[in-house]
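> quick one, structure for this:
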Amino acid sequence: ECWNYVSGPAERKDNCTPGVRDCSNHGMMPEDFQAKINKHICERRRQNYGTELAEEYAELTLLEVKAVRLYSGPAYQPINDFLRQVASLSGDFKSAMVNHHTFSF
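Residues are numbered from 1 along each chain as shown. A predicted model of the protein is given here:
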């Protein structure tokens, strides 16, 4: 479900937290989200917002758009639960957890 949500067309889904998922985005593809946000970024940069970031890094890549969709979609709960559990650790155990790929989500 998560990969389809990230890589396929957005589908409206009722009864999600905090309400309706993709209410105004039904049918949009990841490339559509990328074009929409990058247009907004360019408009804001023309108004001198975010100009401290080099032009070559200002717009989102398709992978970054997919990562945002993944984190804000159906994978939010398990990813956030994992991050909160890691945040509650301390000392050497926390260091071992965050530095070893086999322990990550």
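> sec struct for the residue positioned nearest the centre of the chain, please.
Centroid check for the chain by Cα atoms, centre = their mean gives Val68 as the closest residue, at 1.2 Å. The three-state label given to Val68 by DSSP: H, G, I helix; E, B strand; the rest coil is helix.
> now for it: which residues touch it?
Contacts for Val68 (Cβ atoms under 8 Å, 6 or more residues apart in numbering) come out as Leu60. For every residue, glycine as well, the C-beta is placed using N, CA and C.
> please apply the same query to Ala58.
Neighbour list for Ala58: Ile41, Cys42, Arg45, Gly50 [criterion: Cβ under 8 Å, 6+ apart].
> could you pull out the helices for this structure?
Assigned by DSSP state H, the chain shows helices spanning 2-7, 30-46, 55-58, 62-72, 76-87, 91-98.
> just put the ones you listed in JSON lines and tack on distance to Asp22 and mean pLDDT.
Shown next, in JSON lines, are the helices of the chain (distance: least, Cβ to Cβ, whole Å; pLDDT from 0 to 100):
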{"stretch": "helix 2-7", "distance to Asp22": "9", "mean pLDDT": "86"}
{"stretch": "helix 30-46", "distance to Asp22": "10", "mean pLDDT": "97"}
{"stretch": "helix 55-58", "distance to Asp22": "25", "mean pLDDT": "94"}
{"stretch": "helix 62-72", "distance to Asp22": "10", "mean pLDDT": "91"}
{"stretch": "helix 76-87", "distance to Asp22": "14", "mean pLDDT": "85"}
{"stretch": "helix 91-98", "distance to Asp22": "32", "mean pLDDT": "84"}
